[in-house]
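Chemist: I'd like to go over a predicted model; first the sequence, then the structure.
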Amino acid sequence: MTWFEELLMAFDYGFMWRALFVGIAVAISGAFIGPFLVLKRFSMIGHGLAHVAFAAVAIGLVTNQEPFIVTLILVVAASIFILKLNRSPRLQGDAAIALTAAVAMALGTVIASTAGGFNVDLFSYLFGSILTIQRIDVYLSITFAATIVVIVLLFYHDLFSLTYDEDFARISGVRARRLNTLLAVLIGVTIAVGIRAVGTLLISSLIIFPTIIALQFSRGFKMTILLAVLISTVNVLFGLVSSFLLDWPSGSTIVLLNGVVFMAIYGIRLLKPQN
Amino acid sequence: MFHVENMTVKYQSHVAIKDVDFTVKPKDFTAIIGPNGSGKTTLIKAMLGLLSISKGSVERKGSPRIGYLPQQTAASDRFFPATVGEIVALGLLADKRFPKTIGRHDKKRIAETLDALGISALRKKRIGALSGGQHQRVLLARALVSEPDILILDEPTSALDPSMRKAFLDILKELNEKRNVAILLVTHDIASAGAYIKRVLHIDQTVLYDGAYKAYLRQPVRSPFEAPHADGEDDET
């Protein structure tokens, strides 16, 4: 069987379509909030929350609760917690993210090693597995992604102002604290939505990579978001199909593809003289 | 427009400014001067509500529209993905209600403001691709697009060469004289601003002098000409 026949066959399977829908939903929601996080120098929060998601999935599995719901609640709570901790003058830089991530990872590992019996399942949550995506995951992903897009569009100008110059935004009547909290909630939701397709440990890259790649081309802020959405969607599509053909974990394949695209574009930009 | 009374601002246990009394009136063109770390930036940030006041009060009389040009260097914007038009549009958000949108009328105002500052051609340029002088004019356009009653500027000319500095101060003078915009200018460079300002507020934690610029020049002990200080450093305390 040629690879093209294999590719066509992939779309005979329901799980492949479910993975595509979830993957595109994650790609869009991640790309919509990515520019705000990256440009506010808050890229690592996604990585920190991914560790919290790992602990949350372990808790969900050991308590027989739906891991998505447990992850959604705990990751959103952790996101707000990190934001509040970050404001403390006693904690410098991104120490709040590092502390939360370390504690969550330790908790998840302790639960995984003591409870037993669900390590295979946990592995699929860690690195993403398109075989495990259920119909309910598709509905939830699309609903949450649509909600994220609508919220970002409604608050677009305020979020942009806050990202560019927080002091000026506050003088312009932008409620900075509320908006930062909203952003923290949106990050948490994106992480929770993305764990099925990409896995807890790799989801943050879907928030960062598309933005970083888009930043190599874009002139304006709106253009950055649109390019990030396009890049992320294309990479998720190709990544999922490749993961099927190569029998690789879906999350790792998508992230590797993003990495290759970024390195290629960054390399070309370095070689090309700037105008 | 602004009445600051007995204002004290602390950073934890460090007192940044203490018992400051100060009033901004319409048509004022005031320079806030003082050595590094004297609390100039702290004073205006507290006036704008960006810092908590430990003691005293700030009263805004008649809800003046405020334009603000923060202390910022063009270098910090070098890789920020925003066009000049997008940045200037941010100055209109104070008048908007949820959900905020930038309509045709707003775009016309942006175009008029850019035109007035002689930077129409830059509208679609990336903010990071501009020279220091162009960058400051864009931030001035963002502050002016809402047609403010008072313009508060924090070291706006520190990164500009002498000819750009003069051009920038000429714009401020025209705004003050023709459009009656009150100007509150934090500066280290009183030598350049001297030909433009009407009033001086000299602070070093507390107010050392508040009055006419010409009279200030006759007080050698308090004059920065007599007590020179390092120029161009960040005043953030």
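Modeler: That came in fine, so what should we check first?
Chemist: what's the weakest-modelled helix or strand in the chain?
Modeler: You didn't pick a chain, so chain A it is. Taking mean pLDDT, DSSP states H and E as the measure, chain A has helix A:119-127 as its least confident helix or strand, at a mean of 76.
Chemist: I was thinking of chain B, sorry if that wasn't clear
Modeler: For chain B, counting by mean pLDDT, DSSP H and E, that's helix B:190-193 with a mean of 84.
Chemist: buried set for that one?
Modeler: Residues B:Ile190, B:Ser192, B:Ala193 are the ones in helix B:190-193 that count as buried (16 or more other CB atoms under 10 Å in any protein chain shown). Bear in mind the C-beta positions are built from the backbone N, C-alpha and C, glycine included.
Chemist: ok, those residues vs chain A, which is closest?
Modeler: Using CB to the nearest CB, B:Ala193 comes nearest to chain A of these, at 22.6 Å.
Chemist: touching, that closest one and B:Thr187? I think so.
Modeler: Yes: using CB atoms under 8 Å, B:Ala193 is in contact with B:Thr187, at 5.2 Å.
Chemist: pLDDT weak spots in the stretch 51-200 of chain A?
Modeler: A:93, A:117-120 (pLDDT under 70).
Chemist: could you show which parts of it are in contact with chain B?
Modeler: A:89, A:154-158, A:160-161, A:164-165, A:167-174 (CB under 8 Å from any CB of the partner chain).
Chemist: list buried residues within those residues.
Modeler: For these, a neighbour count by 16+ other CB under 10 Å gives the buried set as A:155-158, A:160-161, A:164-165, A:167-172, A:174.
Chemist: quick one: B:Val58 is in a strand?
Modeler: Yes: per DSSP: H, G, I helix; E, B strand; the rest coil, B:Val58 lies within a strand segment.
Chemist: report the buried residues of whichever strand or helix holds A:Arg178.
Modeler: Assigned by DSSP states H and E, A:Arg178 belongs to helix A:176-194. Using 16+ other CB under 10 Å as the test for burial, helix A:176-194 gives A:179-180, A:182-194.
Chemist: which single one of these is nearest to chain B?
Modeler: A:Leu179 (11.7 Å).
Chemist: so the closest one sits against A:Asp158, correct?
Modeler: Yes: here A:Leu179 reaches A:Asp158: they are 5.7 Å apart, a contact under CB under 8 Å.
Chemist: nearest spatial neighbour of residue 38, chain-adjacent residues omitted?
Modeler: Defaulting to chain A. A:Thr211 (4.6 Å; CB to CB, 6 or more residues apart in numbering or on different chains).
Chemist: you answered for a different chain; I wanted chain B.
Modeler: Nearest to B:Ser38 is B:Asp204, by CB to CB, 6+ apart, at 4.3 Å.
Chemist: in the sheet, who's paired with that neighbour?
Modeler: Counting by DSSP bridges, B:Asp204 is bridged to B:Thr206.
Chemist: distance of the residue nearest to A:Val38 relative to B:Asn180?
Modeler: 44 Å (CB to CB, to the nearest Å).
Chemist: okay, these two: which has more neighbours?
Modeler: Shown here are A:Thr211 and B:Asn180; by other CB atoms under 10 Å in any protein chain shown, A:Thr211 has more neighbours (28 against 10).
Chemist: the more buried one in helix, strand or coil?
Modeler: helix.
Chemist: what pLDDT is listed against it?
Modeler: What the model reports for A:Thr211 is a pLDDT of 95.
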